[in-house]
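K.L.:
below is the structure, and that's it, no one-letter string:
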């Protein structure tokens with residue numbers, strides 16, 4: 001359970017922060033349209049790939065003889081090859097980072113759309129009132145984005161909690177259950193150990209949690225309409 005909570009909440013928070021920062025960068029008036037177009041493609045790239053492609057690509061890069069260890073060793077940042085996916089010390093953090101990388105574009109694109117829908121009159125009025133950038137962000141931007149952010153956070157929580165393919169195809173829940181989350185636990189109980197009662201219990205708990213969040217999401221959407 002601790003590993004599931006770590007995976008979900010670290011991904012959850014990082015998705016929001018990275019997505020918000022990149023969306024703000026793409027919405028700034030100081031970048032030209034050509035530069036913004038390039039950045040949009042680069043930043044959104046992770047969202048274009050399936051979980052299987054992402055998992056295989058990262059496994060190749062994070063292999064002990066892969067490109068990451070090569071770059072770090074040649075930069076003299078590490079003295080020996082690191083087992084990013086097969087070490088209990090690194091596996092959970094590594095899988096979480098991969099999930100963060102693959103998920104933040106959803107936030108970025110959604111928040112960017114929301115930012116572009118905020119009237120410039122609000123920012124002009126804020127500037128006339130003497131508000132600084134931080135005050136404008138928390139008093140204008142965040143309140144205007146609140147409906148979008150609530151929807152994003154609820155959807156992301158459910159998606160991350162249910163994440164299976166990415167974890168299974170990178171570590172299989174290992175090493176020694178170091179990356180075992182509720183999704184991989186349910187799968188192993190049902191299809192490896194044939195403990196159907198345990199698998200059913202875990203699946204029911206997951207279903208209830210996701211259903212409750214889904215109900216709140218639907219109500220929030222109706223309130224917006």
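P.N.:
Now that the structure is in, tell me what you want to look at. This is a predicted model, so every value here is computed, not measured.
K.L.:
where does the prediction get shaky in this structure?
P.N.:
Applying pLDDT under 70 to the chain flags the ranges 223-225.
K.L.:
same thing but 50
P.N.:
The model of the chain has no residue with pLDDT under 50.
K.L.:
show me where it has its helices.
P.N.:
2-27, 33-44, 51-62, 67-74, 91-116, 120-128, 133-136, 142-161, 165-170, 182-191, 196-224 (DSSP state H).
K.L.:
what residues of the fifth one count as buried?
P.N.:
By 16 or more other CB atoms under 10 Å, the buried positions in helix 91-116 come out as 91-112, 114-115. Quick note: C-beta positions are derived from backbone N, CA and C, even for glycine.
K.L.:
cool, the shortest one as well?
P.N.:
Buried positions in helix 133-136, judged by neighbour count with 16+ other CB under 10 Å: residue 136.
K.L.:
and if you look at the first one?
P.N.:
By neighbour count with 16+ other CB under 10 Å, helix 2-27 contains the buried residues 3-4, 7-8, 10-12, 14-16, 18-20, 22-23, 26-27.
K.L.:
most remote residue from the protein's center?
P.N.:
In the chain, the residue that sits farthest from the middle, by CA atoms, centre = their mean, is residue 128; the gap is 36.9 Å.
K.L.:
and that one, how close does it get to residue 221?
P.N.:
Distance from residue 128 to residue 221, counting by CB to CB, to the nearest Å: 35 Å.
K.L.:
likewise for residue 203?
P.N.:
For residue 203, the distance to residue 221 - CB to CB - is 26 Å.
K.L.:
neighbour count for the two, which is higher?
P.N.:
Higher neighbour count among residue 203 and residue 221: residue 203, with 17 against 13, using other CB atoms under 10 Å.
K.L.:
who's in contact with the residue nearest to that one when sequence neighbours are not counted?
P.N.:
Distances taken as CB to CB, 6 or more residues apart in numbering put residue 186 closest to residue 203, at 5.2 Å, once the chain neighbours are dropped. Listed by CB atoms under 8 Å, 6 or more residues apart in numbering, the contact set of residue 186 reads 199, 202, 203, 206.
K.L.:
show me what contacts the closest residue to residue 182 other than its chain neighbours?
P.N.:
Spatial nearest neighbour of residue 182, chain neighbours left out: residue 4 (5.0 Å); criterion: CB to CB, 6+ apart. Contacts for residue 4 (CB under 8 Å, 6+ apart) come out as 161, 181, 182.
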